[in-house]
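> this is a predicted model, with the sequence first.
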Amino acid sequence: MSVAFTKEESAETAAETLLPDRPISPHPNLVTEAGLKALELQLQQAREAYEAAQKIEDVNERRRQAASPLRDARYFAARVRTAQVIAAPASADTVAFGSTVTFRRDDGRVQTYRIVGEDEADPKAGSISFVSPVARLLTGKAVGDAVDLNGHEVEIVAIS
């Protein structure tokens, strides 16, 4: 094997192992208590995956296997470090961070979402980010208030 081939292969391997950082949102990193715990767990899991990858004997495979957990560990470390835990709302009078809000769309559909931090948002599981268009429109509103969402009326029917 020629030396030039070895260097080229090493350069390709290095490129595979230098993953770009995950983008960090420009918004404040507001989280619920459960959201902070989830971030801490994800950080721990990324560190464990990285440590497991370090045990791989083949250096190129070790680098490939460590790249994603290393990137994730950097991301979750930054998110844990910048997390601002927001206590559950003291009142259900108006929609706030941490509120669960039920609203009726003008087509009759009723939806319920909890307003949470960006990393913990999962619309399929019933939570949306506080920076989502729906959450921004509903925040500060009370039961009975209606807002326009892309040309459709949404009325708040419950807050908890």
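On my side now, so go ahead.
> use CA for all of it now, contacts and neighbours both
Will do.
> which strand or helix spans the closest residue in space to residue 38 that isn't next to it in sequence?
Closest residue in space to residue 38, ignoring its immediate chain neighbours: residue 120 at 7.7 Å, by C-alpha to C-alpha, 6 or more residues apart in numbering. According to DSSP states H and E, residue 120 maps onto no helix or strand at all.
> tell me the spacing between residue 120 and residue 146.
When distance is defined by C-alpha to C-alpha, to the nearest Å, residue 120 is 26 Å away from residue 146.
> quick one: contacts for the most centrally placed residue in the chain?
For the chain, the residue nearest the mean C-alpha position is residue 119 (1.8 Å; C-alpha atoms, centre = their mean). By C-alpha atoms under 8 Å, 6 or more residues apart in numbering, the contact set of residue 119 is 35, 39, 129.
> tell me, how many residues neighbour the second one?
Residues within reach of residue 39, counting by other C-alpha atoms under 10 Å, total 21.
> any idea how far it lies from residue 56?
Residue 39 is 27 Å from residue 56, by C-alpha to C-alpha.
> tell me, how many residues neighbour residue 121?
Here the count is done by other C-alpha under 10 Å, and residue 121 has 20 residues near it.
> who are the contact partners of it?
Going by C-alpha under 8 Å, 6+ apart, residue 121 touches 115, 127, 128, 129.
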